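Chemist: Coordinates only, no sequence provided:
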């Protein structure tokens, strides 16, 4: 690719635009700037912004598959080599206001030795540190180094979210050990978040592995080694995810068992109460028939004696059940 003039980025309306100086910082970038391998440029766009979308569709810097990849709704992590560059789709935790973290944010990147064009719609907080490092002069020195820092920042944020889910899981386990049934939907939400994260982080780890194994011209051997370390970090997070998913299945079985035991205890107590009142029910039914000759119907204290008899019978029957270890 020949030297690129800064004027080709006119009208991109980027969220963030800078030119790397090769020393960990950035330099002023304008229409008169030259984009070279020593001073690559980073354009960060909102693909749903009309100006940015139009620039992406009309620029001669990108091929048609790259343009479609940068604005498409595809959300599965993947990597596609095209010409001198590579199109990468990643997923990051959603830390925006009024949003659930498991509603992951898509991050699309086209990168070669001279340009980095990234696009998203919802904000990705994990790249704020990358931008801050560049402003402080301790950031990426090349496009390959930039990709490693982005991958590392996203992976760290994902692993932090996995730790949050793990802490929530431990809290649920402690509550169940104390015979406290979690609120309705708590375990379902936790399990859903774990499964969603597992679904998208598995292919994302594969993307990092491929980037570490393929000999891309804009990545050095050291950068490939660092990318492999990022992949390993995400892999350890995946192992934690698998363990958490298995533990939620055990928790679901335990909750089912606890609720079944509680129901059985209630049914058992109701059965015992029925047994205690069974003799009295028989006697009250017998003496309640509307026929002549019922004993005590003309005796002044007949009702009191009958009530006392029923109470005594209930106490004796309850004592017998307790002695028989039914109560």
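Modeler: Now that the structure is in, tell me what you want to look at. Source: prediction; values computed, not measured.
Chemist: going on from the top helix by length along the chain, what's the next piece of helix or strand?
Modeler: Counting residues, the longest helix found in the chain (DSSP state H) is helix 221-287. Note on helix 221-287: by DSSP states H and E, the next helix or strand toward the C-terminus is helix 302-323.
Chemist: which other helices and strands contact that next one?
Modeler: helix 221-287 (3 or more CB pairs under 8 Å, 6 or more residues apart in numbering; DSSP states H and E). Using the backbone N, CA and C atoms, a C-beta is placed for each residue, glycine as well.
Chemist: name the helices or strands packed onto the longest helix of the chain?
Modeler: Using 3+ CB pairs under 8 Å, 6+ apart: helix 221-287 touches helix 143-177, helix 186-213, helix 302-323.
Chemist: which stretch in the ones you listed is the model least sure about?
Modeler: Per-segment mean pLDDT for the helices and strands packed on helix 221-287 reaches its minimum on helix 302-323, at a mean of 79.
Chemist: and the angle from that one to helix 221-287?
Modeler: 140 degrees (axes from the mean of the first three to the mean of the last three CA atoms, to 10 degrees).
Chemist: what residues does helix 302-323 touch?
Modeler: 272, 275-277, 279-280, 283-284, 287, 295-296, 299, 327 (CB atoms under 8 Å, 6 or more residues apart in numbering).
Chemist: Can you add mean neighbour count and distance to residue 66 and give the helices and strands packed on helix 221-287 back as a markdown table?
Modeler: Formatted as a markdown table, the helices and strands packed on helix 221-287 follow (neighbours: other CB atoms under 10 Å; distance: least, CB to CB, whole Å):
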| stretch | mean neighbour count | distance to residue 66 |
| --- | --- | --- |
| helix 143-177 | 19 | 15 |
| helix 186-213 | 18 | 16 |
| helix 302-323 | 13 | 80 |
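Chemist: okay, these in CSV with distance to residue 228 next?
Modeler: Shown next, in CSV, are those (distance: least, CB to CB, whole Å):
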stretch, distance to residue 228
helix 143-177, 10
helix 186-213, 4
helix 302-323, 69
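Chemist: Residue 73 is nearest to which of these?
Modeler: helix 186-213 (14.5 Å; CB to CB).
Chemist: so what's the residue lying closest to residue 159 once chain neighbours are set aside up against?
Modeler: Of all residues not flanking residue 159 in the chain, residue 237 sits nearest, at 4.5 Å (CB to CB, 6 or more residues apart in numbering). Residues in contact with residue 237 (CB under 8 Å, 6+ apart) are 155, 158-159, 162, 201.
Chemist: rerun at 7 Å
Modeler: By CB atoms under 7 Å, 6 or more residues apart in numbering, residue 237 lies in contact with 158-159, 162, 201.
Chemist: quick revisit: can you pick the most crowded of the contacts of helix 302-323?
Modeler: residue 276 (18 neighbours; other CB atoms under 10 Å).
Chemist: From residue 323, how far off is the residue nearest to residue 284 when sequence neighbours are not counted?
Modeler: Once flanking residues are discounted, residue 284 sits nearest to residue 310: 7.3 Å by CB to CB, 6+ apart. Residue 310 is 20 Å from residue 323, where distance means CB to CB, to the nearest Å.
Chemist: Please apply the same query to residue 136.
Modeler: When residue 136 is compared with residue 323 (using CB to CB), they lie 81 Å apart.
Chemist: where are the low-confidence patches of the stretch 201-327 of the chain?
Modeler: For the stretch 201-327 of the chain, the stretches with pLDDT under 70 are 286, 290-293, 296-297, 327.
Chemist: Was I right to think residue 86 contacts residue 109?
Modeler: No: Residue 86 lies out of contact with residue 109 (CB atoms under 7 Å); the separation is 8.1 Å.
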